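J.: Prediction below, plus the sequence it came from.
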There are 2 protein chains.
Amino acid sequence: MKAHIWVTLKPTVLDPQGQTIQHALVSLGYNNVRDVRQGKFFVLELNGTSREEAQKQIERIARDVLANPVLEEFRYEILE
Amino acid sequence: MKAHIWVTLKPTVLDPQGQTIQHALVSLGYNNVRDVRQGKFFVLELNGTSREEAQKQIERIARDVLANPVLEEFRYEILE
């Protein structure tokens, strides 16, 4: 079973890395790039569990290990 | 207009960061996590252009700025 997990800064948290990229893009001539936010993307492969069990596990992994719940939020999808 | 861009290591390229996370998860008791790959995820906001123009621009930005084409590949989606 495969899972995709996105970890991104909460919308209210400043993203200096994204801002740096946005400034770089404007200076390269991409003047219409108004905002850039950067996050992390994980692909996990799990050995055989049920979809329900995988879902619980992925939520725990994302919350406890991959994301910092003070600053970040996550979403995930489970693929077959 | 909003775009999502995923930048990930090519499948043939080793991902030591992903491996470290996989080992950490196993040592935390998530024994069935067989593989972890980590990538980057970007959200760009563009000021009014056509969808076709945005698509060309996003491809150029991803290829020339966000991804290292030797080691990484990218995919994107354009949202309204």
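T.: It's in.

J.: Residue A:74: helix or strand, and which one exactly?
T.: strand A:72-79 (DSSP states H and E).

J.: What's the mean pLDDT across stretch A:51-61?
T.: In this model, stretch A:51-61 has a mean pLDDT of 93.

J.: Assumed residue A:69 was part of a strand.
T.: No - counting by DSSP: H, G, I helix; E, B strand; the rest coil, residue A:69 is located in no strand; its state is coil.

J.: contacting residues for it?
T.: residue A:63 (C-beta atoms under 8 Å, 6 or more residues apart in numbering or on different chains). Heads up, the C-betas are built off the backbone N, CA and C, glycines and all.

J.: How far away from the center of its chain is whatever helix or strand residue A:23 lives in?
T.: According to DSSP H and E, residue A:23 maps onto helix A:16-27. Distance, stretch centre to chain centre, for helix A:16-27: 19 Å (C-alpha atoms, centre = their mean, to the nearest Å).

J.: What backbone torsions are found at residue A:29?
T.: With angles defined as degrees, to the nearest 10, residue A:29 sits at phi 110, psi 0.

J.: what do you get for residue A:11?
T.: According to degrees, to the nearest 10, residue A:11 has phi -60, psi -30.

J.: any idea of the pLDDT on it?
T.: 95.

J.: how near is it to chain B?
T.: 10 Å (C-beta to the nearest C-beta, to the nearest Å).

J.: any idea how far the strand of greatest length in chain A is from the chain center?
T.: Ordering each strand of chain A by length in residues (DSSP state E) puts strand A:33-46 first. Relative to its chain's centre, strand A:33-46 lies at 4 Å (C-alpha atoms, centre = their mean).

J.: what are the pairing partners of that strand, and which direction each?
T.: Sheet pairing for strand A:33-46, assigned by DSSP bridges, gives strand A:2-9 (antiparallel), strand B:33-46 (antiparallel).

J.: Tell me which residues are up against the first one.
T.: Counting by C-beta under 8 Å, 6+ apart, strand A:2-9 makes contact with A:15, A:37, A:39-46, A:54, A:58, A:61-62, A:66-67, A:71-80, B:41, B:43, all of which sit outside it.

J.: what's the angle between that strand and strand A:72-79?
T.: 160 degrees (axes from the mean of the first three to the mean of the last three C-alpha atoms, to 10 degrees).
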